[in-house]
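Compute the structure for the input listed below.
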Amino acid sequence: SFNWDASGLTDEQMHTFCKDLGKLGFAWQFVTLAGFHLSALNSNRLCRTLVKEKSMLGYVEGIQRPEREEGVDTLTHQKWSGADLIDRTLQTMYGHGFSTAIQGEECTENQFGKK
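Take a look at the predicted model:
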């Protein structure tokens with residue numbers, strides 16, 4: 001990790017950096033550092049807009065609407081959190097129709113299909 005702006009590379013060199021590595025025989029590059037910084041930056045922005053500026057409108061404008069516009073799969077997040085597995089387990093234990101189903105009629109998965 002280093003300060004890319006202080007590296008002496010031009011914007012064009014940074015833009016072609018991964019492809020240039022590919023020409024040298026590198027087949028991939030780790031993106032964990034970029035993901036770490038992206039998570040931190042977006043967490044900071046979200047906390048600032050939620051707490052200081054816009055309340056839940058900050059979440060809707062900054063995350064939910066862009067997810068919908070860009071087709072980001074985590075917009076309907078239950079499938080990513082294991083909700084289906086939990087519901088199936090509870091159905092096995094208690095039978096169908098229990099009142100605490102995560103994937104029930106009003107879950108996020110269904111709500112976004114309405115709009």
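
alpha carbons only for contacts and neighbour counts from here, please
Will do.

What's the separation between the nearest residue in space to Trp80 that is not next to it in sequence and Glu67?
Nearest non-adjacent residue to Trp80, counting by Cα to Cα, 6 or more residues apart in numbering: Thr74, 7.0 Å away. With distances taken as Cα to Cα, to the nearest Å, Thr74 is found 8 Å from Glu67.

Select the longest helix from the chain.
helix 32-48 (DSSP state H).

how about that one: buried residues?
Leu46 (16 or more other Cα atoms under 10 Å).

now stretch 74-85
Leu75, Thr76.

tell me how far it is from the chain's mean position?
12 Å (Cα atoms, centre = their mean, to the nearest Å).

Averaged pLDDT, that stretch. What do you get?
Throughout stretch 74-85, pLDDT has a mean value of 76.

Next, name the residue at the spatial heart of this structure.
Residue closest to the mean C-alpha point of the chain, counted by Cα atoms, centre = their mean, is Thr74 at 6.0 Å.

Could you verify my assumption that it touches Pro66?
No. Counting by Cα atoms under 8 Å, Thr74 does not reach Pro66; the two are 11.4 Å apart.

Having no further points to raise, I will conclude here.
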